[in-house]
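Asks: prediction below, plus the sequence it came from.
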Amino acid sequence: MPTTDLHAILRSHLTRLDQRILRLKTIDRRISWLRLGVFILGGLVVWEATSLWGSTGFWWALCGAVLAFAGAVFLHRRLDGWTTTLQTWRAIQANQLARMELDWAHLPPSSHTPNPTQMTPDLDLDLAGPRSLHNLLDLSVSSEGSRLLASWLTQPTPDLEQIQTRQALVRELEPMRRFRDRLQLVYKRVSKEHLEGQKLLDWLKEDVPASRLNWALPLATVWAIVDIALFALNVTGQLPAYWILSLSLYGVFYFHELPLVGKFLIAVVELDKELGKFQALLSYLEGYRLNGRPHIERFLSPFRDPRRRPSVQLRQIKFVTVLVGLRSNPVIGFLLNLIAPWDFACAFMAARSRARIGDSLPAWLEKWYELEALISLANFATLNPGCTYPIIDQAAHPVFEAEGLGHPLIPPEQRVYNDFTIPALGQVTIITGSNMAGKSTFIKTVGINLRLAYAGGPVIASSLRMLPFRLHTCLRISDSIADGFSYFYAEVRCLKSLLEELGAESPFPLLYLIDEIFRGTNNRERLIGSRAYVRSVAGACGVGLIATHDLELAGLAANTSQVVNFHFRDQVQEGRLAFDYKIHPGPSPTTNALKIMELEGLPVE
């Protein structure tokens with residue numbers, strides 16, 4: 001489906017949803033008046049019936065009025081539920097449209113922020129943080145799922161087996177748009193907050209001495225029965241008030257043993273909120289018809305075992321958490337423990353439930369986090385119909401070959417696509433061109449699509465075939481006042497690290513990206529240093545793209561066979577600079593710094 005068609009479908013769907021929500025709100029206002037009318041009319045009927053038929057009429061009329069009002073309230077609440085569901089569904093579809101249009105203002109903020117003091121691809125390629133690839137992709141409802149997606153996008157080396165496995169899963173998830181959207185709807189109807197999987201695991205770590213609990217519960221149960229019996233015998237006059245002494249001793253025993261279970265019960269209470277969220281998701285996964293998607297069926301098999309359905313097991317724990325929650329009210333908690341060993345019984349049941357799923361729950365959560373990351377990649381594929389799944393082959397020749405390569409963080413209507421090939425290892429590509437012509441964006445395009453490919457997702461290209469590369473970037477370098485590093489020294493450290501990576505033993509060659517090499521020093525020393533550096537990396541076990549303004553650096557191709565030149569062009573049209581953002585072979589024939597200065601009214605000699 002072309003991008004424009006999907007865009008139109010989303011827009012049309014939002015319009016229909018707006019119309020339905022408006023109609024429901026109109027009906028809602030009418031039912032509000034109906035409730036008021038039923039209440040007033042019911043009061044008048046009760047009054048009149050009492051006047052005519054006395055107490056008998058009063059009770060019959062009151063029952064009828066209450067039933068009529070309850071019916072109106074039920075209908076009103078159902079209508080509110082439908083309206084809320086449609087509003088949530090609309091928010092999900094609007095979020096999809098915002099991701100398609102790269103409307104950052106209407107996307108939730110990124111939950112993963114890179115360390116700005118580190119020179120990493122996270123910052124260089126906008127992989128994490130605000131307005132980043134992670135921000136664009138992330139549909140996770142859990143913090144852990146979001147972090148897992150970030151780790152996939154920033155993993156330092158490719159894992160071919162993992163990439164192929166994830167690609168197969170993402171391919172099957174890609175057409176399952178309704179499944180993905182409804183999974184979000186199921187969760188958002190339960191909670192507006194993130195799922196905190198760690199809270200589900202915390203109670204597994206709480207220590208409960210089972211041996212003490214095993215004798216404390218029976219003893220407390222017998223003691224409570226004795227207290228009740230003594231109280232009953234005292235009330236009937238058969239015994240003096242021995243129950244007071246027995247109950248006092250029971251209280252001493254209870255408070256002495258309470259630290260045994262108190263901390264554990266607090267963890268169970270914390271568990272309750274997260275259980276409801278996770279249980280709703282599991283119930284949806286268990287019942288969804290996968291219709292012959294073998295990879296997804298295998299992946300979701302831990303959730304779909306009819307003999308051990310996770311939602312059923314969590315429902316049993318949920319029952320225990322409800323019982324524990326009753327003790328949260330001091331008065332109710334006191335009364336419950338007064339007549340029965342409530343806390344000990346709850347702790348015993350919770351411990352048994354924990355033992356039943358102690359091994360399964362972490363595995364379910366890990367599988368869920370992985371599903372969230374896969375769904376994010378599949379959703380990206382759906383919203384970018386022209387994308388493709390790359391072929392990463394250890395025997396690829398040429399070593400990098402892309403057709404229609406584009407940057408995923410540029411809106412589709414502004415995106416320019418380029419074909420680019422690197423024939424063999426050892427090649428260094430010098431990319432020259434004027435300011436704003438597209439040099440930096442192009443090398444970032446290569447890097448960010450590489451990261452997408454290694455995560456197991458599709459890339460913005462009509463085709464991409466390449467070797468599995470490690471990736472090193474020297475793009476967004478900054479000085480550090482706190483550490484006492486100048487810009488130039490920070491750049492030197494990054495370039496030194498690149499040389500070390502090139503010389504390191506690894507089964508994978510290195511793909512390195514450099515933007516404006518040695519920009520932190522004067523022209524003469526920059527040129528001398530740049531030439532020496534390019535000669536040192538040419539022919540090594542890797543390939544490099546170096547964007548530069550220094551046209552003199554392009555002269556290396558004349559006497560170094562493994563250095564090639566490409567460039568981006570510009571031209572002045574109607575008094576303004578124009579760019580086609582297309583990559584061309586050879587060095588740049590033009591510069592535009594003086595043109596820009598002149599067009600902006602600065603003096604030019």
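Replies: Happy to help now that I have it.
Asks: give me every residue that touches residue 321.
Replies: Contacts for residue 321 (CB atoms under 8 Å, 6 or more residues apart in numbering) come out as 268, 269, 271, 272, 275, 350. All C-beta atoms are positioned from the backbone trio N, CA, C, and that covers glycine.
Asks: from residue 61, how far out is residue 52?
Replies: 9 Å (CB to CB, to the nearest Å).
Asks: please read the previous query as pertaining to residue 90.
Replies: Between residue 90 and residue 61 the computed distance is 43 Å (CB to CB).
Asks: neighbour-wise, which of these two wins?
Replies: residue 61 (21 against 17; other CB atoms under 10 Å).
Asks: in terms of helices and strands, where is the more buried one?
Replies: Element membership for residue 61 (DSSP states H and E) is helix 3-101.
Asks: tell me the mean pLDDT over that helix?
Replies: Averaging pLDDT along helix 3-101 yields 88.
Asks: from the contact counts, what lies against the helix or strand following that helix?
Replies: Next helix or strand after helix 3-101 toward the C-terminus (DSSP H and E): helix 121-124. Counting contacts by 3 or more CB pairs under 8 Å, 6 or more residues apart in numbering; DSSP states H and E, helix 121-124 is packed against helix 439-455, strand 470-474.
Asks: which stretches of the stretch 501-605 of the chain form helices?
Replies: 523-537, 593-599 (DSSP state H, counting those that start in this stretch).
Asks: how far does stretch 149-156 sit from the chain's center?
Replies: Averaging C-alpha positions (CA atoms, centre = their mean, to the nearest Å) puts stretch 149-156 13 Å from its chain's average.
Asks: looking at the contacts of residue 321, which one is closest to residue 529?
Replies: Among those, residue 271 lies closest to residue 529 (CB to CB), at 59.7 Å.
Asks: how about that closest one, what does it touch?
Replies: Counting by CB under 8 Å, 6+ apart, residue 271 has contacts 199, 200, 202, 203, 317, 321.
Asks: and those residues as TSV, adding distance to residue 449?
Replies: As requested, the contacts of residue 271 are exported to TSV (distance: CB to CB, whole Å):
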residue	distance to residue 449
199	37
200	36
202	39
203	43
317	44
321	46
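Asks: make a PyMOL selection of the buried ones in the residues you listed.
Replies: Here is the PyMOL command that selects the buried residues among these (16 or more other CB atoms under 10 Å):
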select buried, resi 199+200+203+317+321
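Asks: which of the contacts of residue 271 scores worst on pLDDT?
Replies: Among the contacts of residue 271, residue 203 carries the lowest pLDDT, at 73.
Asks: that residue contacts residue 270, correct?
Replies: Yes: counting by CB atoms under 8 Å, residue 203 does reach residue 270; the two are 7.3 Å apart.
Asks: closest to residue 35 out of the contacts of residue 321?
Replies: Closest to residue 35, out of all of the contacts of residue 321 and judged by CB to CB, is residue 272, at 32.8 Å.
Asks: which stretch of helix or strand covers that closest one?
Replies: Using DSSP H and E, residue 272 sits within helix 242-287.
Asks: off-centre distance for that helix?
Replies: For helix 242-287, the distance to the chain centre is 32 Å (CA atoms, centre = their mean).
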